[in-house]
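In: predicted coordinates and the sequence they were generated for:
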Amino acid sequence: MSFDLGPALLFCPADRPERYAKAMERADAVILDLEDAVAPAHKSAARGHLIESELDPDRVIVRVNPPETDAFAADLSTLSQTDYRRIMVAKAQSPKRIGRLDARFEVVALCETAKGVAQADRIAALDNVVALMWGAEDLVASLGGTSSRKPNGRYRDIARYARSRVLLAAGARGKAAIDAVHLDIDDTKRLAVEAADAAASGFRATACIHPSQVPVIRAAYRPDEKSVSWARAVLAAAAGERGVFSYDGVMVDEPVLRHARRVLSRASG
């Protein structure tokens, strides 16, 4: 199983069916949310909207409620009546529970609690898990904290640690990693900086909560012309070399060549 939907994944409340098509048009993939975005009184109606929807299932992820909740069973029962087979498990923290899920479903495990982040390695190792995502606010709340960010807008150390741990756990198992949402919709500057860092660090995508964030994320993941030119040139130079060589005054070995290939892959994506 593979996971490569594009860099911008847009959340959409599952109880707002009038937004489904627009979300799909604006983003690379849509995450229909049955969890936090939907009030308990509206979850039943939201499930009905999912059943009636006709989106391309290859570009849909459905965020379901945590496995420990009563709503989780109802969510999976609903999805069995649709063509949607890729689910995001909210507050994923039990490898045993996730590993026992219906084999028809591909799982994006959302590690957003202290226990979930601590179990990220074991969760990533599961055959039905195709990607890991991390979440900052629920993580800090699970620790008894009050904010994932400092007054200057930067993540606190605990959030940065969780982000790194989830990325490493996913990468170690050859799974995709998805960066967390940026809640300040108007702060496009920091979103651009964090999305560019995510792309450079190895995240496959960044989730977002508003359509206006999609082009910012796409631009951040798209290599600039200078990077593309460098990648093409260094790969061309490698064709006539054996092993390590020097290009433009810099040592080039296989890791550098892999970086170059990734740049070209992102540029053509």
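Out: Yep, that arrived. Residues are numbered from 1 along each chain as shown.
In: what's the burial count for the residue nearest to residue 114 when sequence neighbours are not counted?
Out: If the residues on either side of it in the chain are set aside, residue 114 comes closest to residue 142, at 4.8 Å by C-beta to C-beta, 6 or more residues apart in numbering. Every residue, glycine included, has its C-beta placed from N, CA and C. Under the neighbour criterion other C-beta atoms under 10 Å, residue 142 is assigned a count of 17.
In: got the contact list for residue 142?
Out: By C-beta atoms under 8 Å, 6 or more residues apart in numbering, the contact list for residue 142 reads 112-115.
In: if we go to 10 Å?
Out: Applying C-beta atoms under 10 Å, 6 or more residues apart in numbering, one finds that residue 142 lies in contact with 91, 93, 112-117, 135.
In: out of these, which two sit at the greatest distance?
Out: Among those, the pair separated by the greatest distance (C-beta to C-beta) is 115 and 135, at 13.0 Å.
In: report the distance from the helix or strand bottoming out on mean pLDDT in the chain to the chain centre.
Out: Here the helix or strand of the chain ranked lowest by mean pLDDT, DSSP states H and E is helix 254-268, holding a mean of 85. Using C-alpha atoms, centre = their mean, to the nearest Å, we find the averaged C-alpha position of helix 254-268 to lie 20 Å away from the chain's own average C-alpha position.
In: give me the buried positions along stretch 262-269.
Out: Under the neighbour-count criterion of 16 or more other C-beta atoms under 10 Å, stretch 262-269 has 263, 266-267 buried.
In: now, which of these sits nearest residue 174?
Out: Distance to residue 174 across the buried residues of stretch 262-269 (C-beta to C-beta) is lowest for residue 266, with 17.8 Å.
In: domain parsing for the protein?
Out: 8-221, 225-268 (the TED database).
In: could you work out the end-to-end span of the last one for me?
Out: To tie it back to what came earlier, the one meant is domain 225-268. 12 Å (C-alpha to C-alpha, to the nearest Å).
In: check stretch 102-119 too.
Out: Taking C-alpha to C-alpha, the span from the opening residue of stretch 102-119 to its closing residue is 21 Å.
In: what comes up buried for that stretch?
Out: Of the residues in stretch 102-119, those buried by neighbour count under the rule 16+ other C-beta under 10 Å are 105-114, 116-117, 119.
In: joint contacts of residue 115 and residue 135?
Out: With contacts defined as C-beta under 10 Å, 6+ apart, the residues adjacent to both residue 115 and residue 135 are 91-92, 142.
In: could I get those as JSON lines with distance to residue 250 and pLDDT?
Out: Listed next are those as JSON lines, based on distance: C-beta to C-beta, whole Å; pLDDT from 0 to 100:
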{"residue": "91", "distance to residue 250": "44", "pLDDT": "97"}
{"residue": "92", "distance to residue 250": "41", "pLDDT": "98"}
{"residue": "142", "distance to residue 250": "44", "pLDDT": "95"}
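In: residue 263 and residue 230 touch, don't they?
Out: Yes - taking contact to mean C-beta atoms under 10 Å, the distance of 7.6 Å between residue 263 and residue 230 places them in contact.
In: this completes my enquiry, with thanks.
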